[in-house]
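Engineer: Turn this into a structure:
(chains A, B, C and D)
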Amino acid sequence: MKNTDIQISICGSAGDGTIAAGDILKRALAKGGFKVIAFDVYPPEIRGFGKCISRVRVTTEQVYSLKHHSDVLVSLDDSHAIPHVGEVRDSGAVIYEDTPISGVLEGSHISAHISPGQIPYGLPVREISEKETSGNRSRNIVALGYLAGLIGMEPEIFHETIADKFRGKAIKITDMNVAAFDKGYALGQKTFKLDDVTVGKAKKSRNKDATITMMNGNAAVVQGCMDAHIKTFFGYPITPATTIMEKLATEMPKVGGRLLQTEDEISAIAATIGAGYAGSRCATATSGPGLALMAEMLGLGVVAELPSVIFVSQRGGPSTGLPTKTEQSDLNLAVYGRGGDGQIIVLAPTNVEGCYKCAGKAFEMAEQYQTPVIVLLDLYLSNRFETVELPKQSPFTKTSNKAAKKKDLEGGYKRYAFTKDLASPRALPGQENGMHTITGLEHNELGRPSDQPRMHEDMSAKRHNKLLAALSHHDITIEKRFGDEGDVDVGILGWGSNFGECLEAMFKAREEGIRCSAMKVVMLSPLPLGPINDFMDASGEVFVPELNYEGQFANLIQGATARSVHSYTRVPGSPMRVEDMLVEIRRLAKIKKAKKIGKTKKAKKKAA
Amino acid sequence: MGNISTKPVYLEDKLAEIKSDGKLEYRSKALPTWCPGCGYFSISEGVTSALNNLAIKPKDTVVVSGIGCSSRFPFFVNTYGFHTLHGRTLPVATGVKTANDDLTVIAVGGDGDGFAIGGGHLSHVARRNVNITYILFDNGIYGLTKGQTSPTSSLGFTTSTTPYENHDRPLNPLMMMLSFGSSWVGQGYAGDPGHLGEMIEQAIAHRGFSYLHILSPCVTFDKTDKTYGNLNMQVKPIPDDHDSSDLMAAIAMAQNVHKPPLGLYYKEDRPTLADGLDEITQQSGGGKNVVTAKAAE
Amino acid sequence: MVQPKHHVIIGSGITGTQAAITLRERDPKSRITIITMSTLLFYNRYDLPDVFRGRTDWQSFLVYPPSFYEELNIKLRRGSRVVNVDSTRKEITLGHKETIRYDTLLVSSGGRGYLPEELVDFRSLMHNFATFEAAMNVKKILPENGKVIMLGGDMLGLDLARNLIQCGYTVTVITGEHTFWPHTVEGNERKTFMKALESMKVETFDGDKAEGIASIEEGKKGKPARKIIFKDDTVLEGDVVMPFFGLAPAVEFMIGSDADIERGLLVNPELRTTNEHIFAAGDVCQIWDKKDKSYKFFYGWKNVRAMGEVAAKNMTGDNTAFVTTQDEKLRLDKKGQINSPFWEYD
Amino acid sequence: MAKATTKATTNDNVKSRSSDAGTPDSPNIITDQGDETIHYSDDPRDIGWVRENVPCQASCPADTNIPGYIRMIMEERHGRSYEINRDANVLPGVLGRICSRPCEDSCRHGWPGNGEPVGICNLKRAAADHKHTSHRISESLYTPTGKKIAIVGAGPAGVAAAHDLSILGHDVTIFEREEKPGGMLQFGIPEFRLPRDILDLELHNALRLGVELKTGVNIGSGMGDTRVSGLLRDFDAVLLATGCMAATPLPLKNSKKGDDPSRDFRDVEYGLDFLLELHRGEKKRVGRRVAVVGAGFTALDCARMARRLGAEEVTIHLRTAEEYIPVSKEEIFETKREGVRIKGLRTPVGIVADKMGRLTGVEFAQNRLGGWRANGRRQAIPIDGSEFVEPCDTLIIAIGQITVNDFIDVKVDLDRWSNVAIGDNGMTSVKGLFAAGDYVSGASTAIEAIGHGHEIALNLDGWLMGGVRRKQVVQVEKVDKPLRDRAFDFIERQHMPTANLDERFKSLEVEAETGMDHDLAKEEAKRCYLCDHKYSIDVDGCIYCRACIEVAPRNCIKLVQGVEINENGTYGELEEASEWNKVGAIWIDNNQCIRCGACFMVCPTRCISITRNQLVTRDL
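Structural biologist: Sure thing, here's the model as predicted:
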């Protein structure tokens, strides 16, 4: 049986239910046992009339990014979908409305743009929707049903997913949508299928200790928080981090956790740090503009050595920037963005499963090293859906507090005692004999204000060096290498959400015969310099692709290693094109070859 | 509210009337991007009518906003506009007005922008009596970020961040603004565009800080609470015998949140920020106010 | 600058496609658009019986690959139904409400299977053979060695019949006035050809003798899927019932235009309709025959392709008259089997 | 933009509502006393609105309030539906079967993109079929005037006029040549299309208010004939409605007398005479192969009748083509289904007979199509030398009817087609002598005759009474909420059930169409857009939020900056605006509106209102 690898794009105007249709599609297919990677693009407008695209790639085997060409395009709004007809491959399907409301000028209908190699499927979406529901709101579901019927997916999993989607609404709403789906489905089944898009069988997982689910990065963060027994959360809505708070708002009260929407980010981080002081596992979530607002309070977290976890989902910047577009341009802000020497831990997961791990580990590290921990995601990863295997048993500790013991408390408790591992035993409010005062001022071991030069040097060293221990952290993958082993022509050093594209590019390059490997760096601060240097030693040319303009990661690496890399930066607001990266890799492989030949010639000359 | 008469209306008569009226001059070319049915359309209509009726030229008007659905407003009127940062509307507006007294400055914003993130600024702009108009679009929800609870969300209201009901008691903006010292406080309703237009006109005409609170349904994210259907049943006009110079009566009336009275609550004439600044200039023995001098030319 | 002309062709069959090729040769800079209801690119319907030989990949039926249309810069509007032609504004309205302006228009929408009005009530119990999709549908439901009842028995049907028989199916033709359409075969000649049919193992049943069909019904469980009941109470059973009563021109969308219609679009030998910008070619038109002084249909692959070429020439300023090149006689080959020029194509 | 010059004068026309409540002219009056719910207007823009927006009514020669009666079927008030019909046309059950249906050609549901027209005619019949068995006819009678009126001819025009005039208080006497009333309905239409019991019942109901019917009376100048001059002396007014009862002759080659082959050949006859004789009770025979020449209902009726009389091959020969003949597609389909074949582009030019004088064939010339004639029909031009022969045993010629004037013994002015000339009020050149129906207009349709009879009756009354007593105004009535569901728009046109072919041929009386049952009729009634409903936006209350446009099923609500005003004061095209500062109003484009009600439901300021706008006749 052929492996399934289908990418479906649904494109419409905001309000058409584009994203909702994509959501049902990916949930249903994940339920059916497929691997799913999905990413939506939606406009910054309120509901307005902007373009929405939901892209879902469904596969039998694990893949790492979306494809550049889709197999099916569903148009819910021609004006938005027409520019995307070209992304459908030859013999792929284009599904569209063939009974629009009003007349259109020549060329304004999508059928005018379908190339001879693509297969057109027109259907009266709106009419069917209105017929079934007396309204046009179910057009997306009708189109989805048609798609499912056409390429032969199981209707039952869709019924369940639709019921889930509309749970809590009137039963009539669910019934109407199921009816709309079925009408579309029946029509799709009846339609003579001419494209070559087919669905194979899904593979069943064998891991008994894991549950397979489909979720996006933000949901994985939430799952990580929940498995790490989060207690308090304070947040302020901001795209694209809002859904973390929304989900936690549902989940946390169920296990006695508390969540509060504060009036702004300033208040959110303040409350988070306050809760951390009180010993609660706590977090907040924001994006670049909110992180900027939090900078001052994070400085307090550093100097006061209090645990807090900040989930940051990056979007296009600077300032309000591109609220609904993805970018990796808050690296500098996360790593450096505080007044004074304010080093903290920054983790950047590269996929949805990583979001889960990093979220849980962030709490452990924050407590263990008594520091704010930023988990750096971006819109692409926050909203990208993947099927993941999550352990049935939580792998995270309930607390990693280095609690002040009886002997620590005897004879004047030193909140900032210099110890071997540099993390001081911590007393929590309510603990007997542990009373102390926290301040943003520089302080001595007791926590009392001190402006002595030696104290500032020692405390600065303490705050800096205690974090280095996190580099030897056994429980988290700080760096990991894929592809060819040993010396390679091109080594790709990637980080964050973009690493999926790096992997796809690496695999493609290897297919072309280029010796190539890719390494991901998950911990951005402090930086795992040892393995990075090793990787650079093994790589003829080091290729560092990332989604920001300045090459923030490349600069970080170059600054830390004093070695040069090939920085490759793009800021399209969308994921990087694998094809474009491949062009660059080929170019670098040629440079490497030329150098090799040069070297050999030189060597021969020498010998002669 | 709506034409319940069966008497026919003739389009060409109506169009001629609207064209000669001049209101359209205050609209931008671009169509508003609010969700169809949004109460903000009503406010937009009211503001343009009011400016037109008061004969304030578009060039002399500045509309300042922050972040949120309502803060898109400057894009839909044909005046000077300033779309600033979340919650920071009022300080920017104060700066604009202080720089040029001749401008009519209208600050617009929503309940989240004004009473959550920007709440700290409210009290100060009110007590200083900056001569600007603050039009507060209250839909009791965060629309732009797709439906979270706001400071004016009702108790028990369910949103995506209060999935188990909102337990935070909503603010009483009218009482706050009355107590902060707003020199003009009134309330309108998007579902009653006629009355709303009159209120906006009065608010702009007032010399001093005027605060107009507008109840406006979010048709997309609030299907249960502050809907047109519910508000239509709740709102009522302020009784004719209300004395708008009586602050205590106004505060008492502001308590009636279940049957919100529509109209002018309180009005007081007192020196504005600019008056005070002029006074200080004089006291310090300095020269003539630069702003006024410019205007005099 | 002079705008390039927009030639629009309705119908993507052999006539329309040939016209597009000729138009491109003669007017390299023009815009050419072919509008068709089909979702497929042009294929020969003559090939369709191959479906029963297991040729079921639609791509193998395509006469030209997709790149052909791109190379010739021919715009294809598939899945599009023409609902109106406004000849005063020179505009075509499609089913999805898009309007397309043309400078010259060629109507080559062909014909669709005619079904006598008295059989219309039973339409849902019959299967047609007009498109690839329809052919695949018949193939799907016809059991191995199954039996096909063919009504009418025009030459399209008889072609299918001989192919089906070679594939091991049985075929019964209910004969009547449409048998051998478009050939006119009467008297003794008809008897000869009927016999020849039998020698080709086509079973025949004289429908007229049985006073015509009274009804078509679904067969009982375990029995063949269809039964035909004649007015004289004769009953015939089969797995599939297929009507083959010749073609009726597809012209309904032209009713609002000022091109004349009788059964088909009426054209002069240069294939011009009564509107100077509208031409018609193929099975959809009736061509004025000066000699016979009547409007005549010309069927067959050679004819309709020639018509496409003639129309294209005349659309680009020529004045060529269409002359049929096809022998219209039904004949017997050396083995005594029926052969028809209607079945011949390159 | 055209500037409006007409100012509303509607205030002058507002009358007290209470006096109208419950009169047959104003059905369904909302009796709620709270606010003004009924308004009357004679503003040309309002009358124009109804004329343009209720296309079915506008195209009905009798001005039938079609949305009104269809709505009643929807409400299962078949009796009320029947009475609304009867206001315009006293023979609903008859017309529900044989009407030429100009309304369906103009029905909004049949406009491009909207699907197929509503089965208006079938519903008319359904109302008649399903009204209660003890249905009470409502007539509002006027006080007797003492005036006496004679009507010549009891065809549809005469009967319609007689009915109306008797209601208006006049004493009416009808003189009819045949033994039974009904004219062409009684003698020209086969029973398989119109059962005679239905016809007789409705004729009886039309005339039973006191009209005196004298049958078997020949009006003419011969012996024993009643003379028109005498009637003019004995009555205050005389109305001629004698119809078009003579067949148009067809001159053919080989016919001795040149102009009328039916006199030379036994097997050649005129369709009209064929049907008249059949319905007077004569036994008719046809050969095995019948050729019918003609393109109207009569030709189709003769062909179908020939099949029933045993002909095996019946062919209708057309001069033009099927596309261009004035008969509904359903009728053509049923005709073909009965085995009749239709062949086009041929003009009969001669008769072919054997030595015995028996018909063996007809000679035709091949035609080509010519231009359009003034009446909207195609011209056919025979081609020289293209003659050919079609064999047949019987030839029926049904190419039209003409009027006969030789029965009038007073001098009356004729028009250039030799029809009687009448003035605007229907009066001929002779004082007190009026004319109506086909007799005036030449052969037309039953509904045109009824419409004309109706109209002339009102004029005649005006003349007799010294002034018009009634006037047409628009009654604007509030409707609380939309009466339709969007889903209704997707209901397919319901087809008229028919008898199967075997059944039909069992006897000449078996009705081919069997009528819609209760549920089928209701389903079809749902399809009516109720075009008399007007959705309007109160611009003063509109906040331009476009909620209505969002839910609109078509491009029916528009941002407008101007509007064309037609010369007659009605609205033309809306001028749309795309820029916000040009948008004067959001307005419902009534041409596009399909009355689905979606906009009404969503309007946040409730500024959309629905009114039912009906033309009513009010006493002055």
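
Engineer: ok, so what distance separates the one residue sitting closest to the centre of chain B from B:N52?
Structural biologist: Note on chain B: the residue nearest the mean C-alpha position is B:I135, at 1.3 Å, using CA atoms, centre = their mean. In this structure, B:I135 lies at 16 Å from B:N52, with CB to CB, to the nearest Å as the measure. For every residue, glycine as well, the C-beta is placed using N, CA and C.

Engineer: what does C:V202 give?
Structural biologist: 86 Å.

Engineer: CA atoms of the stretch of helix or strand C:E309 belongs to as CSV?
Structural biologist: Here C:E309 is covered by helix C:301-315, with elements defined by DSSP states H and E. C-alpha atoms of helix C:301-315 as CSV (Å, rounded to 0.1, in the frame of the first residue of the first chain):
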residue,chain,number,x,y,z
TRP,C,301,-15.5,12.3,-37.3
LYS,C,302,-14.1,13.4,-40.7
ASN,C,303,-17.0,15.8,-41.3
VAL,C,304,-17.0,17.4,-37.9
ARG,C,305,-13.2,17.9,-37.9
ALA,C,306,-13.3,19.4,-41.3
MET,C,307,-16.1,21.7,-40.1
GLY,C,308,-13.9,22.9,-37.2
GLU,C,309,-11.2,23.8,-39.7
VAL,C,310,-13.5,25.5,-42.1
ALA,C,311,-15.1,27.5,-39.3
ALA,C,312,-11.7,28.6,-38.0
LYS,C,313,-10.6,29.7,-41.4
ASN,C,314,-13.8,31.8,-41.9
MET,C,315,-13.5,33.2,-38.4
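
Engineer: tell me the secondary structure for A:R89?
Structural biologist: A:R89 falls in the strand class when you classify it by DSSP: H, G, I helix; E, B strand; the rest coil.

Engineer: Correct me if wrong: it contacts A:S70.
Structural biologist: Yes - with contact taken as CB atoms under 8 Å, A:R89 and A:S70 are classed as touching, separated by 7.2 Å.

Engineer: Touching, B:F76 and B:A30? I think so.
Structural biologist: Yes - between B:F76 and B:A30 there is a contact at 6.8 Å, judged by CB under 8 Å.

Engineer: that older thread, higher neighbour count, A:R89 and A:S70?
Structural biologist: A:S70 (26 against 19; other CB atoms under 10 Å in any protein chain shown).

Engineer: how deep is residue 207 tucked in, by neighbour count?
Structural biologist: Going with chain A. Going by other CB under 10 Å, the residues that sit close to A:N207 add up to 10.

Engineer: ah, no, chain C please
Structural biologist: 24.

Engineer: Distance of it relative to chain A?
Structural biologist: 32 Å (CB to the nearest CB, to the nearest Å).

Engineer: I figured that residue was touching C:K231, is that so?
Structural biologist: No - in this structure, C:G207 is not within contact of C:K231 by CB under 8 Å, at 9.9 Å.

Engineer: Which neighbours do these two have in common?
Structural biologist: C:I213 (CB atoms under 8 Å, 6 or more residues apart in numbering or on different chains).

Engineer: Tell me the residues on chain B that lie near chain A, please.
Structural biologist: Where chain B comes near chain A, counting by CB under 8 Å from any CB of the partner chain, the residues are B:33-35, B:67, B:69, B:72, B:85-87, B:116-117, B:119, B:142-146, B:148-149, B:151, B:160-164, B:220.

Engineer: and what of chain D?
Structural biologist: Counting by CB under 8 Å from any CB, chain D comes close to chain A at D:485-487, D:489-490, D:551-555, D:598.

Engineer: B:P271 belongs to a strand?
Structural biologist: No - according to three-state DSSP, the state of B:P271 is coil, so it is not within a strand.

Engineer: Just give the closest residue to it, not the sequence neighbours.
Structural biologist: Spatially, and ignoring its direct neighbours in sequence, B:P271 is nearest to B:N129 (6.9 Å; CB to CB, 6 or more residues apart in numbering or on different chains).
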